[in-house]
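> A predicted structure for the sequence below; I have some questions about it.
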Amino acid sequence: MLHNDLPAQGVHGGIMVELGDMWSGEQRKVLLTLGVPAMPALGLAQVCELELRYVTLPDLFEHTVLLPVSVNVVPGDQAAGRVRDPRVVEERLFLHAQEAKRRAADAIDRADYDGARSSMTAAAAMPGMIDAERDVLLALREEIVAGDPRRAAKRSRMEHHHKSRKRGREL
């Protein structure tokens, strides 16, 4: 599952995600959830392969890079003691907040104000939610409660669009 708000489409044997134009040295964050089947043995196991394709300018030469994605299969008691990577946790919460803003704006367009408030409230209440995002979600919810749902929808879309497009881009 792709968590980022990026254009994607199914292709034979996988999914193609369009990252758009990039500058030399720029880094992007893409968050994927992969279903990993039960593994028959302990140790390192490749679960998928990412294929990155890009075209360089000015020669318009296409490059392909294959990146194997592996997991270390360990016994259940060892797996229970592992700590999640805080960078991944934060990115997932950030993307969840952006998705809640989009869902709330869509609900407002359908005059489903309860659904919009619910979306904002649920996202804001997620354990570990980033303080700044929680504050925005709760402020947008209060705009709906105060009787200004159109403004809340506009701000939700603006927040979602701006933050979804800029987050994860570093030079």
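That came through, no problem. Numbering: from 1, shown residues only.
> and Leu93, backbone torsions?
phi -60, psi -40 (degrees, to the nearest 10).
> quick one: it from Gln9, how far?
Leu93 is 27 Å from Gln9, where distance means C-beta to C-beta, to the nearest Å. C-betas here are computed from N, CA, C, even on glycine.
> between these two, who's got more neighbours?
Leu93 (18 against 8; other C-beta atoms under 10 Å).
> and Glu49, what does it touch?
66-69 (C-beta atoms under 8 Å, 6 or more residues apart in numbering).
> dump these into TSV; add secondary structure, pLDDT and distance to Ala41 as well.
Listed next are the contacts of Glu49 as TSV, based on DSSP: H, G, I helix; E, B strand; the rest coil; pLDDT from 0 to 100; distance: C-beta to C-beta, whole Å:
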residue	secondary structure	pLDDT	distance to Ala41
Leu66	strand	96	24
Leu67	strand	95	23
Pro68	strand	96	17
Val69	strand	94	18
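> tell me the SS of the residue lying farthest from the centre of the chain?
The centre of the chain is farthest from one residue, Asp59, which by C-alpha atoms, centre = their mean lies 32.7 Å away. The three-state assignment at Asp59 reads coil, by DSSP: H, G, I helix; E, B strand; the rest coil.
> roughly how far does it sit from Ala107?
48 Å.
> the residue nearest to Val73 when sequence neighbours are not counted and Gly115, how far apart?
Excluding its sequence neighbours, the residue lying closest to Val73 (C-beta to C-beta, 6 or more residues apart in numbering) is Met39, at 4.4 Å. Remark: distance between Met39 and Gly115 (C-beta to C-beta) = 40 Å.
> sounds good, over and out.
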